[in-house]
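K.L.:
what's the 3D shape of this:
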Amino acid sequence: MDFRKLGRTGREIFPVGLGAMPLSVKEDRPDEKTAIGVIHAALDAGVNLIDTADAYCRDDSEAGHNERIVGKALAELSTDTRENIVVATKGGLIRPEGRWETDGRPEHLREVCEASLKNLGLEVIPLYQFHRPDPEVPLADSLGELSRLKEEGKILNIGLSNVTMDQIERAERVAEIVSVQNQFSPGHRAPETDGTLAITLARNIAFIPWSPLNGMSGAKEVGEGDTQVQEIASRHQVSRQALVLAWLLSKGPNIIPIPGASRQESIRDSAQAAEVRLSLEEIVALDTRWKS
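P.N.:
Now for the predicted structure:
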């Protein structure tokens with residue numbers, strides 16, 4: 001198994017990360033003990049990238065819910081184990097009455113970054129991602145504040161999420177960008193044509209697909225009823241879901257998908273994708289099955 005790099009940092013990342021969002025935003029989210037168990041199961045499977053955000057909650061009344069779950073899971077680990085984990089959190093979205101709205105004001109980003117440090121129980125955040133550009137705030141202003149937070153030692157690396165190729169180029173004029181987290185899945189293949197995957201490959205930036213299994217509601221059905229997909233999955237002795245992740249991994253050496261999980265079995269299954277090596281013929285077949 002080949003580890004991936006977190007952009008130009010050289011930090012080695014297990015090929016599959018954990019998207020912790022389902023532990024907080026689902027109506028039937030697991031209780032705290034179960035959620036912590038899911039995170040520990042991911043780490044036991046080799047996963048060392050945990051993706052969270054201050055906005056992963058049901059509404060603003062519990063902002064930081066997901067980060068606090070992650071923080072409690074980390075607190076139960078040894079210091080050596082914690083040092084091997086890259087916690088990736090995000091700021092720039094808010095949840096008034098459960099809605100998703102942008103807030104990229106520098107003062108807001110500073111406030112939520114400080115809160116994230118407390119929620120996670122960390123002295124420095126390994127990867128802080130700008131959750132979504134705010135059309136009311138110049139991108140340079142938002143990224144400039146993250147650069148200042150980096151200079152102050154509160155965050156180690158800066159990433160972007162939900163961005164266009166043009167926004168990636170503009171952001172790099174203000175800050176060193178190590179990762180881009182955009183939607184990428186069999187049902188959403190825009191990164192292959194909109195330039196975002198190409199520019200991250202060219203500039204040695206990690207590409208982190210969110211909702212890689214077609215979202216929380218689509219993961220169970222991905223590839224369902226497709227005989228060819230099932231045949232390829234059976235050939236590699238993995239589930240259809242793990243096959244999807246292996247297919248995404250084949251799209252570039254900089255790709256690190258972050259499937260969500262609210263059960264230990266789910267993240268253990270997803271982690272198996274790291275061992276799958278698809279042939280060119282299999283990749284072409286899956287490309288055809290999942291053509292946008």
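K.L.:
now the helices for the chain?
P.N.:
22-25, 32-44, 65-75, 79-83, 106-120, 139-151, 165-171, 196-202, 227-235, 240-249, 264-271, 280-289 (DSSP state H).
K.L.:
hey, least reliable of the ones you listed by pLDDT?
P.N.:
Mean pLDDT is lowest for helix 79-83 out of the helices of the chain, coming in at a mean of 90.
K.L.:
Could you list the residues in contact with that helix?
P.N.:
Residues outside helix 79-83 that contact it (C-beta atoms under 8 Å, 6 or more residues apart in numbering) are 43, 74. Any C-beta I mention is one placed from the backbone N, CA and C, and that applies to glycine too.
K.L.:
Which among the helices of the chain is found nearest to residue 96?
P.N.:
helix 106-120 (12.9 Å; C-beta to C-beta).
K.L.:
Okay, buried residues for that closest one please.
P.N.:
106, 108, 109, 110, 112, 113, 116, 117, 119, 120 (16 or more other C-beta atoms under 10 Å).
K.L.:
hmm, back to that, do you know which of the helices of the chain lies nearest residue 180?
P.N.:
helix 196-202 (5.2 Å).
K.L.:
how distant is that closest one from the center of its chain?
P.N.:
Distance, stretch centre to chain centre, for helix 196-202: 17 Å (C-alpha atoms, centre = their mean, to the nearest Å).
K.L.:
Then stretch 62-81?
P.N.:
16 Å.
K.L.:
for that stretch, how far is the first residue from the last?
P.N.:
28 Å (C-alpha to C-alpha, to the nearest Å).
K.L.:
Would you mark the buried spots in stretch 62-80?
P.N.:
63, 64, 65, 66, 67, 68, 69, 70, 71, 72, 73, 74.
K.L.:
So for it, first residue to last residue, what's the gap.
P.N.:
End-to-end span of stretch 62-80 (C-alpha to C-alpha): 30 Å.
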